[in-house]
Structures are given as C-alpha cells and as structure tokens.
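Colleague: Build me a structure from this.
(2 chains)
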Amino acid sequence: MTTASNGTPAIEFKDVVKRFGDNVVLDKLNFSVAQGDRVTLIGPSGSGKTTILRLLMTLEEANGGLILIDGDPYTHEYKGDRWVEIPEKRRRLVRKRVGMVFQQFNLFPNMTVLENITEAPIHVLGKSKKDAVERAEQLLEQVGMSEKRDFKTNQLSGGQQQRVAIARALAMDPEILLLDEVTSALDPEIVADVLGVLREIANTTDITMLLVTHEMQFAREVSNRVLMFDHGKIVEEADPETMFTNPTHERTQEFLKAVLGR
Amino acid sequence: MNEEGIWSWEKAWEVLPSLLRGLVITIEATVVGMVIASILGLLIALAMRAPTRWVRGPLRLVVDFIRMTPLLVQLVFAWLLLVDVPPLVIGFGVLGVHYATYMSEVYRAGIEAVPPGQWEAATALNLPKGRTWFAIILPQAIRKTLPGLGNYAVSMFKETPFLFAITVVEMYSAALNFGANTFSYIEALTMVGLLFLIVSYPTSLLVRRMEIRFA
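Modeller: Just a heads-up that it's a prediction; the model follows:
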C-alpha cells in the first residue's frame, strides 16, 4: 500500500465523464482531495454528488477521464492514446484503500452483527479470526453497539444498523471513507447518534473523508472543504464557514436558502 | 370379475405391503431426483448469468427443449437409448434433469430478489466474486427458493408414476401388477391415491408454512 504523504492527492478526478443514457451527469469533472481532507459535496439532487462516490467505489463505470487514488490509476488508464479499463485484479489493490457507508446501510442480513464486521477482514485482508473479532469488538465498542454483537441485523433499528455499517467499513482500515447520505434514511431523533459516531471518527483518525449530506450543520463541523455541485460541475468551492455564511455564487445562495430555510 | 362387489376391504389390505414397497421407490426417486434438480438447477441458474452469449444461448435452447417436451417421452427416450443403465437410475436422472430446468427459474428469481445494495456492500468491502456469491448472495437467494423447491418436490412426487413406463416398480406399477393378478384394480388404485395424498398433503402444508415464513 502506498500512503503518499508528499502532497499527492488522496483522490483525483481528471476530466471524468459519466453519462446515464443521454443524461450527462458528470461532464469532464476535475477536482482533487488531499490526504486527510474532509470534503462535503453539496448540491441539488441529480447534481452528480452520489455518482462521484459511486464511481470511487467502482459501483458505476466512468465513460471517460481518469480517477486516481494516491496518484495510482484506479478504474481506467491511458495506454498511448487509448483509454482502457483497468482489470478487476488491479482495481482490487486500489479499492482496498477505499471504504463506503451507504444510505440504506446494506448490512448482510444472513450474518450477525459481528460476522458483518469480520467477514471482509478475514476473507479480504487475510486476518486471523481472533484478530478480526478483537478488532470488531473494539469498533463495536467505539460505535456503542457492543451488546448487539450477536444479533441478526434485522433485529436492529436503522440507527443501530448504520452504526454497525460504519464499524464494518472501518474494520477494513480504509484510507478514504465515502459517506453517502448516511443519515437520510434515519428517524430525526437518531440522526444525532450516528453523526456523533462520525464526529468521533473524524476527530480521532486521519482518514480522508468524502461526504454527501444534507446535514449542513454537521458538514460545517466536520469538513474543512465544501464543494457545491450543480449539473455535474463544481460551481463553488470554499471552506465551510465561507460556504455557509457567505456564498458567492448565486446558485449556491439559492440552494442553501432552500435547504436551510432562510 | 370381482365376485365380492365393487370394493373389498380385504383386497385393499392385501395390496398394502407391495404398495408400501412401491412407495419406498417413489420416495427414493423423488428425493434423489430433487437432489439432482436442486444442484443442477442452481448450476444452470449461475451459468445463465455468464457474461458471454456463447454459454447462455445454447443453454437456453437445451433448457427450453427439456421444458417443452413431456417428461414421459423423455423417460422412455432415455430408457431406450441407455440400455445398460438400470431403469431406476434413468428415472433419477431424467426426473432430476427435467425438474432442474424448472428449478433454475426459481433460483434465478431468488438471486434477482437479493437487493443490489448487497452486491454493492460486497464490492465496497472488496470481497472477491466467489466469496460474495457463497457468503452473501446465495444464502439469501436460497432462503427465498425453499418454498419453490418444496412445491416442485410435491409435484415431482406426483409424477413418479411415469416411471411405470420404464419398468420401475413404484407404487402405480405395483398397483397394476396387483390388479393384473387379482382383478382388484379399484382397491389397489384407491390405495395408491390415498398413499399419495397422505404424503403430499402434509408436505404441501409444510411448503405453505415455509412460504409464509420466508416470504
């Protein structure tokens, strides 16, 4: 694993194009995220935020451009002039550095809470069962789910499931964590719990985070950069303080007004 | 003709032992046939997801051919073709293959019913394809296929009398043999019907419960 600390960005998009049929979601998008950065993507739905995360998790295929992780080509590369797909074998090596938490949790219902967390460390990282369980227990403790260790996932509330999903992602020791509207499917009163867990992680680790969220207060607290998207393009980029109090672009002003209700 | 009238309890009792021997064969054929059908059905379902048309195309053709021709014809055909193979073994094989083509549809539906989020979570955890199938997708898909599997088991059980055509002495053949010797066809066949009912009715109730539980 190459953990570059020499200023190589953790994530870099170069002229990335993504289309769904005739609908161009990302049109030659360029941006980069530095190691340890916490970047929030905001913007109206359909602006391409979630697509960016899904491209980074290889859940969608780009139609053009390059995505680099720590400077390494990830999904595609240029061979001479030809834009070619990187085979799954090589993608896996890079993908190992990226983790994701989903809006719908996506826990494995045929496994217990503990098994959900130890599955990949054992079968992907090659950890011993003992080590994997030890680490899982530590993470469960961290997200406040220790007593649910042997529960099936359908016995858990949404908030509990999401906390397990966070622990599951962290168990892979990702360098980059993608958070895709992780509180959108939760009841309002438990949103704070999950955000608390994430705040803790943000404060105690140096994981690079890329988040799509509608929790503007949280974005303001946790992130050090905010990117405003519209129609697959970055219309404004600023530190959270500036973005939320004094946005310059008209489109951002409109959007924040609608979201924040002021 | 039967001098004791249309129904004789005595004859009904008398035929029972040979019918029970036939029932053992019937159940055997169903169990072995179902084992073949559930394994082969799964393999067909998986092969149908192959990325290349060169696998899917020919397989589709074979599967459709088997589904669109009668089980009875397939049994006799295989029996005439494979002269050295014991009829019961041919019965196992043909029942198994015939039902595998139906089971593959049940598996396909089960696999497709697993939410895409499960595949995505597996990708996000960088799990290899094989592990994703065996640890995550199939356990969830197969759970959903259990009622379908049960339904086909009942239906296969009821179709085992076709084995009569290839000289396997299951329940129906046993009843005909008994009738041929005693002219008591009515008693023998009534008992066959009852025995089928005794086995398949509770099984179908079980399947219905599974449907509710796994739905």
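Colleague: drop to CA atoms for contacts and neighbour counts, all remaining ones
Modeller: Noted.
Colleague: So which bits of stretch A:212-226 are buried?
Modeller: Neighbour counts using 16 or more other Cα atoms under 10 Å in any protein chain shown place A:212-216, A:218-220, A:222-226 of stretch A:212-226 among the buried residues.
Colleague: With respect to chain B, which of these is nearest?
Modeller: Nearest to chain B among the buried residues of stretch A:212-226, counting by Cα to the nearest Cα, is A:V212 at 16.5 Å.
Colleague: Just confirm that closest one contacts A:S47, I think it does.
Modeller: No: checked against Cα atoms under 8 Å, the pair A:V212 and A:S47 is beyond contact range at 11.3 Å.
Colleague: residues from chain B in reach of chain A?
Modeller: Contacts of chain B with chain A, taken as Cα under 8 Å from any Cα of the partner chain, map to B:117-118, B:120-121, B:123-128, B:131, B:136, B:139-140.
Colleague: Counting neighbours, which of those residues comes out on top?
Modeller: Most neighbours among those, by other Cα atoms under 10 Å in any protein chain shown: B:L125, with 29 neighbours.
Colleague: residues touching it, list them.
Modeller: Counting by Cα atoms under 8 Å, 6 or more residues apart in numbering or on different chains, B:L125 makes contact with A:96, A:99, A:120, A:124, A:169, A:172.
Colleague: Kindly report the same for B:L71.
Modeller: Going by Cα under 8 Å, 6+ apart, B:L71 touches B:94-95, B:98, B:162.
Colleague: State the three-state secondary structure for the residue positioned nearest the centre of chain A.
Modeller: In chain A, the residue lying closest to the centroid (Cα atoms, centre = their mean) is A:L178, at 0.8 Å. Under DSSP: H, G, I helix; E, B strand; the rest coil, the three-state class of A:L178 is strand.
Colleague: Look up how far A:A165 lies from the nearest residue to it once chain neighbours are set aside.
Modeller: Computed as Cα to Cα, 6 or more residues apart in numbering or on different chains, the closest residue to A:L178 that is not its neighbour in sequence is A:M100, at 4.5 Å. Relative to A:A165, A:M100 is positioned 9 Å away (Cα to Cα, to the nearest Å).
Colleague: and what of A:P240?
Modeller: Distance from A:P240 to A:A165, counting by Cα to Cα: 27 Å.
Colleague: higher neighbour count, these two?
Modeller: The residue with more neighbours, out of A:P240 and A:A165, is A:A165; 26 against 23, by other Cα under 10 Å.
Colleague: Report the contact partners of that one.
Modeller: When contacts are counted by Cα under 8 Å, 6+ apart, A:A165 touches A:101-102, A:105-107, A:117.
Colleague: So it lies in a helix, does it not?
Modeller: Yes: applying three-state DSSP, one finds A:A165 inside a helix.
Colleague: would TSV of the contacts of B:L125 with distance to B:I6 and neighbour count be doable?
Modeller: Formatted as TSV, those follow (distance: Cα to Cα, whole Å; neighbours: other Cα atoms under 10 Å in any protein chain shown):
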residue	distance to B:I6	neighbour count
A:K96	78	22
A:G99	77	27
A:A120	70	24
A:V124	72	17
A:A169	75	23
A:M172	77	25
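Colleague: Give me the neighbour count for the closest residue to chain B within the stretch 51-200 of chain A.
Modeller: Residue nearest to chain B within the stretch 51-200 of chain A: A:N106 (5.4 Å; Cα to the nearest Cα). Neighbours of A:N106 under the rule other Cα under 10 Å: 20.
Colleague: do A:R168 as well
Modeller: Using other Cα under 10 Å: A:R168 sits among 28 other residues.
Colleague: Now do the SS call for the closest residue to it other than its chain neighbours.
Modeller: Nearest residue to A:R168, sequence neighbours excluded (Cα to Cα, 6+ apart): A:I117, at 4.4 Å. Following three-state DSSP, A:I117 is assigned to helix.
Colleague: Report whether the expected contact of A:I117 with A:A136 is present.
Modeller: Yes: between A:I117 and A:A136 there is a contact under Cα under 8 Å: 6.0 Å.
Colleague: Among those two, which residue is more densely surrounded?
Modeller: A:I117 (31 against 26).
Colleague: for the helix or strand hosting A:I52, packing partners?
Modeller: Here A:I52, judged by DSSP states H and E, is contained in helix A:49-56. Counting contacts by 3 or more Cα pairs under 8 Å, 6 or more residues apart in numbering or on different chains; DSSP states H and E, helix A:49-56 packs against strand A:176-180, strand A:208-212.
Colleague: Following the chain past the helix or strand where B:L75 lies, name the next helix or strand.
Modeller: Using DSSP H and E, B:L75 sits within helix B:71-81. Next in sequence after helix B:71-81, counting helices and strands by DSSP H and E, comes helix B:87-112.
Colleague: quick one: that following helix to helix B:71-81, angle?
Modeller: Angle between the axes of helix B:87-112 and helix B:71-81 is 130 degrees (criterion: axes from the mean of the first three to the mean of the last three Cα atoms, to 10 degrees).
Colleague: List the first helix or strand encountered after helix B:87-112 toward the C-terminus.
Modeller: helix B:116-124.
Colleague: I'd like to check the angle between that next one and strand A:176-180, please.
Modeller: In terms of direction (the same axes, to 10 degrees), helix B:116-124 departs from strand A:176-180 by 170 degrees.
Colleague: could you check the angle helix A:49-56 makes with helix B:116-124?
Modeller: Interaxial angle, helix B:116-124 versus helix A:49-56 (the same axes, to 10 degrees): 50 degrees.
Colleague: Against which helices or strands is helix B:116-124 packed?
Modeller: Helices and strands touching helix B:116-124, by 3+ Cα pairs under 8 Å, 6+ apart, are strand A:98-101.
Colleague: Could you list every helix and strand in contact with the strand it packs on?
Modeller: The elements that strand A:98-101 packs onto, with contact taken as 3+ Cα pairs under 8 Å, 6+ apart, are helix A:158-170, strand A:176-180, helix B:116-124.
Colleague: Tabulate the ones you listed (a markdown table), appending distance to B:V63.
Modeller: Conversion of those to a markdown table gives the following (distance: least, Cα to Cα, whole Å):
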| stretch | distance to B:V63 |
| --- | --- |
| helix A:158-170 | 41 |
| strand A:176-180 | 42 |
| helix B:116-124 | 27 |
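Colleague: who touches both of A:I117 and A:A136?
Modeller: Listed as contacting both A:I117 and A:A136 by Cα under 8 Å, 6+ apart are A:167-168, A:171.
Colleague: Just give me the closest of these to A:L256.
Modeller: Using Cα to Cα, A:A167 is the member of those that sits closest to A:L256, with 31.3 Å.
Colleague: so what's the closest residue in space to the closest one that isn't next to it in sequence up against?
Modeller: Using Cα to Cα, 6+ apart and skipping the chain neighbours, the partner closest in space to A:A167 is A:L139 (5.5 Å). By Cα under 8 Å, 6+ apart, the contact set of A:L139 is A:167, A:170-171.
Colleague: I am finished for the moment; much appreciated.
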